[in-house]
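Enquirer: structure, please.
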Amino acid sequence: LDLLEMPATCVDECGCMLKMNQEAERLFQGADVTSRHGKVVCSDRAVGQDLDRKLSQFVTAGGPAVSCTPLVSIPRADQPHPLLVSALRLDCVSKDIFGRYKAILTFTDLDKSATLSADDLCRLFHLTSAEARLAVGLASGKSLDAVAKESSIKKHTARHELKSVFSKLSVHRQSELVGLLSRCGPRAKI
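Expert: The predicted structure is shown next:
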């Protein structure tokens, strides 16, 4: 579970958590979502009940092993975006290895970036450090002007670096760059 680099917990056929990773332990210390008696408890009671119902249906039902869409979204008072809860049924992977674990729940924090670090971009795509910082900045939702200002470079220089990034990553628009980087890996670290 710790390899997932996102909050995750294993649950049994009743939806009770049997094991969780360190990210989930940190998440469950917050006010919006916690664990009580082995269950995920949400500050919004209706969302918690909906999660219990959907998780029970998912674990006991046939069909795909992964929920293609999140089971529920958990609203948070201290963040603008909710946590998304998704599931993977383990009995479809292997009955013997996971034993009493029936599913893994993952919690996606939409307020955290989901791209590779600038160092990883340099190493994997042969970007310069300036190009990588620009790509990470754009992938985190900043405008080209804002990234240029933060990097203390002129907009013209930022545009030139962006063209180079496009060429090295085989994309043609900022939206393609952001889409590619959002699918690449764990959190961004500048």
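Enquirer: since we're on the residue nearest to residue 37 when sequence neighbours are not counted, how many residues are nearby?
Expert: For residue 37, ignoring the flanking residues on the chain, the nearest one in space by Cβ to Cβ, 6 or more residues apart in numbering is residue 16 at 8.0 Å. All C-beta atoms are positioned from the backbone trio N, CA, C, and that covers glycine. For residue 16, the neighbour count with other Cβ atoms under 10 Å is 16.
Enquirer: what's the separation between residue 16 and residue 125?
Expert: When distance is defined by Cβ to Cβ, to the nearest Å, residue 16 is 43 Å away from residue 125.
Enquirer: centroid-nearest residue for the chain?
Expert: With distances taken as Cα atoms, centre = their mean, the residue of the chain nearest its centroid is residue 108 (4.2 Å).
Enquirer: note down every partner strand of the strand or helix carrying it and its orientation.
Expert: Applying DSSP states H and E as the criterion places residue 108 in strand 103-109. Counting by DSSP bridges, the strands paired with strand 103-109 are strand 8-11 (antiparallel), strand 83-89 (antiparallel).
Enquirer: show residues contacting the first one.
Expert: Same thing as strand 8-11. 1, 17-21, 23-24, 35, 40, 55, 59, 90, 98, 101-107 (Cβ atoms under 8 Å, 6 or more residues apart in numbering).
Enquirer: show me these that map onto helices.
Expert: Judged by DSSP state H, the subset of those located in helices is 23-24, 55, 59, 98.
Enquirer: buried subset of these?
Expert: Among the ones in helices among the contacts of strand 8-11, those classed as buried by 16 or more other Cβ atoms under 10 Å are 23-24, 55, 59.
Enquirer: return the member of those residues nearest to residue 72.
Expert: Of all these, residue 55 has the smallest distance to residue 72: 8.7 Å, by Cβ to Cβ.
Enquirer: now the closest one: how far from residue 160?
Expert: To residue 160, residue 55 is 50 Å away according to Cβ to Cβ.
Enquirer: over to residue 145?
Expert: Separation of residue 145 from residue 160 (Cβ to Cβ): 15 Å.
Enquirer: do residue 140 as well
Expert: From residue 140 to residue 160 the distance is 21 Å (Cβ to Cβ).
Enquirer: likewise for residue 17?
Expert: 51 Å.
Enquirer: next: residue 107.
Expert: 40 Å.
Enquirer: between the two, point out the one with more neighbours.
Expert: residue 107 (20 against 12).
Enquirer: what lies in contact with stretch 163-172?
Expert: 125-128, 131, 134-135, 177, 180.
Enquirer: what is the end-to-end distance of stretch 70-80?
Expert: Distance between the two ends of stretch 70-80: 18 Å, counting by Cα to Cα, to the nearest Å.
Enquirer: what do you get for stretch 28-36?
Expert: This stretch, stretch 28-36, spans 10 Å end to end (Cα to Cα).
Enquirer: the very next helix or strand once past the strand holding residue 108: which residues count as buried?
Expert: The helix or strand immediately downstream of strand 103-109 is helix 118-125, counting by DSSP H and E. Neighbour counts over helix 118-125 (16+ other Cβ under 10 Å) mark 118, 120-122, 125 as buried.
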